[in-house]
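# give me coordinates for this.
(one chain, ligands or ions: 1)
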Amino acid sequence: MRTPIIAGNWKLNKTISEAVDLVSQLRLLVEGTNEVEVIVAPTFTALSAVSKTLEGSSISIAAQDLYWEEKGAFTGEVSASLIVDSGCSHVIIGHSERRQYFGETNQSVNWKAKSALNAGLIPIICVGEMLEDREVGKTEQVVKDHLVNGIANLTEEQILNSVVAYEPVWAIGTGKTATPDQAQEVHALIRSVLADTYSSANVADRIRIQYGGSVTPASAAALLSQPDVDGALVGGASLEAESFADIVKAAQQ
Ligand code: PGA
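Residues are numbered from 1 along each chain as shown. The predicted model follows:
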């Protein structure tokens, strides 16, 4: 049995006080939801305030990115150990917006994943095709490429401490959610690639795969009922406590 994992990716939204308000409300709404792992991913500037607000709560905190070097002359970057220091247990890596606007590559995803794992952070490794890839039948090829290269040389222990997020780029922020069947098809592909890569029994079965792309309280239950969909990475609907809490509740059923 894989524990469902619901993460809210706030992207470039919320001041520190707005972030504190949001998690204060969220805490009241989802406290005691033991069967679901709940994560919020605020901006870097709000991490430590959110972490203080969530002290003693079961909600975990993720950063939205990291840099793989430990320290030094890397102006503007934030390392895995600084992210741990600000109260995070998770970090999102390889989000399509980073690939699209900030030059993220499979190679940098792989370096970031290793650096996160070495610091004790759980990476949420994002993969997913663009609309033009899907239209020319390249979904499988692109997703495999992101996954195989992103997790290259991770040990079994490391992959078991990682989460994969399938996020079709055409579904992100567009209101066009993948159908449950479309999501399941790619999630099953991801699990089969993991099974080919990690031959020990059960490794692929234990790794959680989130779906992301316009998940709402209305679409969550059907997506999460698919056998290989183990959670959601939620953007827009995570910016409001009630809608995010409703998605968490959908994961409980
Ligand atoms: P969305 O974003 O839910 O707003 O589509 C999802 C994501 O980018 O993680």
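
# mind listing residues that contact stretch 85-94?
Here stretch 85-94 makes contact (Cβ atoms under 8 Å, 6 or more residues apart in numbering) with 7, 9, 39, 41, 44, 47-48, 50-52, 54, 60-66, 80, 83, 104, 106, 109, 112-113, 116, 121-127, 146, 150, 163, 165, 233. Yep, even glycine has a C-beta here, placed from its N, CA and C like the rest.

# narrow the residues you listed to those that are buried.
Among the contacts of stretch 85-94, those classed as buried by 16 or more other Cβ atoms under 10 Å are 7, 9, 39, 41, 47-48, 50-51, 54, 60-66, 80, 83, 104, 106, 109, 112-113, 116, 121-127, 146, 150, 163, 165, 233.

# number of nearby residues for the residue of the stretch 151-253 of the chain at minimum distance from the ligand?
Nearest residue of the stretch 151-253 of the chain to the ligand, counting by Cβ to the nearest ligand atom: G235, 2.2 Å away. Using other Cβ atoms under 10 Å, G235 is surrounded by 22 other residues.

# ok, it touching T174?
No - using Cβ atoms under 8 Å, G235 is not in contact with T174, being 10.5 Å away.

# leaving out sequence neighbours, find the closest residue to the residue of the stretch 151-253 of the chain closest to the ligand.
Of all residues not flanking G235 in the chain, N9 sits nearest, at 5.2 Å (Cβ to Cβ, 6 or more residues apart in numbering).

# quick check: bridge partners of the one you found?
A41 (DSSP bridges).

# check it and give its pLDDT.
We have a pLDDT of 98 for N9.

# ok now do it, which residues does it touch?
By Cβ under 8 Å, 6+ apart, the neighbours of N9 are 41, 62, 64, 92, 95, 212, 233-235, 238.

# any idea how far S79 is from it?
In this view, N9 and S79 are 20 Å apart by Cβ to Cβ, to the nearest Å.

# check which helix or strand the residue nearest to Y67 when sequence neighbours are not counted maps to.
Excluding the flanking residues, the one nearest Y67 by Cβ to Cβ, 6+ apart is E77, at 3.6 Å. E77 belongs to no helix or strand when elements are defined using DSSP states H and E.

# could you do the one 4 residues further on as well?
Secondary structure from DSSP H and E places S81 in helix 80-85.

# tell me the helix or strand right after that helix.
Note on helix 80-85: by DSSP H and E, the next helix or strand toward the C-terminus is strand 90-93.
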